[in-house]
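*Asks:* Here is a sequence together with a model predicted from it:
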Amino acid sequence: MTSRPTLIVVSGPPGAGKTTLAHALAQAVGCPAICRDEIKEGMVHAVGGFTSGPGDALTMRAYPTFFAVLEVLLRAGVTTVAEAAFQDALWRPGLLPLQPLADLRLVHCMVDPELAVQRNLSRRAVNPVRRAHADPGRQDAAEQVRRNREFRRVSVEAPWIEVDSGDGYRPGLAEIAAFAASG
């Protein structure tokens, strides 16, 4: 019997701690982490004078690139952590074609919406590569809180775990990694 790689999908609203968890989880499991935002940040280097905005051209190129990278890795038999918002309506169409290639594990990050907005504001101030993203400004905080409350997680047939990432991880990283590696 041939085993398949595992695709560990880390999802949640902006500011939920997805990228941090994805990298920690990849290290704990022993596999690469592919993060949609990091792909877009890398694309910015090849575009002079880029200005981010909702649905900008790089965002639209980052989606298919993200899924193409995941497909290459899974076809090669590489267990992979995939990190992005994975809101259901937008991300399910890209995720469903990958299901035959891997055992899926969903890790849903959740956090208080006000904390998520504060994280977004802080990271833009300290991370210059965040210019690739249309992160909210202080004037957008109330709208971001509303959007985080309305976030609809990806809904595909696969085992899942919910992680509170407000202060560390609950459940802890060891338990999340054990769940992710159980494929």
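*Replies:* Here it is on my side, so go on. Bear in mind the structure is a predicted one, so any value in this text is a computation, not a measurement.
*Asks:* how close does residue 167 get to residue 21?
*Replies:* 13 Å (Cβ to Cβ, to the nearest Å). No exception for glycine: its C-beta is placed from N, CA and C like everyone else's.
*Asks:* just residue 29 next, same as before
*Replies:* Using Cβ to Cβ, residue 29 is found at 12 Å from residue 21.
*Asks:* Also residue 164?
*Replies:* For residue 164 relative to residue 21 (Cβ to Cβ), the value is 11 Å.
*Asks:* Kindly report the same for residue 89.
*Replies:* 23 Å.
*Asks:* So those two - more neighbours on which side?
*Replies:* residue 21 (22 against 9; other Cβ atoms under 10 Å).
*Asks:* wouldn't the more buried one be in contact with residue 163 here?
*Replies:* Yes. Using Cβ atoms under 8 Å, residue 21 makes contact with residue 163 at a distance of 6.8 Å.
*Asks:* Give the next helix or strand downstream of the strand ranked longest in the chain.
*Replies:* Ranked by residue count under DSSP state E, the longest strand found in the chain is strand 103-110. Towards the C-terminus, the helix or strand next in line after strand 103-110, according to DSSP states H and E, is helix 113-126.
*Asks:* Just the CA trace of that following helix, in CSV.
*Replies:* Extracted as CSV, the C-alpha positions of helix 113-126 are listed here (Å, rounded to 0.1, in the frame of the first residue of the first chain):
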residue,chain,number,x,y,z
PRO,A,113,-11.5,40.1,16.4
GLU,A,114,-10.2,43.2,18.2
LEU,A,115,-6.9,41.4,19.0
ALA,A,116,-6.6,40.4,15.3
VAL,A,117,-7.0,44.0,14.2
GLN,A,118,-4.4,45.1,16.7
ARG,A,119,-2.0,42.5,15.3
ASN,A,120,-2.6,43.7,11.8
LEU,A,121,-1.9,47.3,12.7
SER,A,122,1.3,46.3,14.6
ARG,A,123,2.8,44.0,11.9
ARG,A,124,2.5,46.6,9.2
ALA,A,125,4.3,49.1,11.4
VAL,A,126,7.3,46.7,12.0
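*Asks:* Sounds good, over and out.
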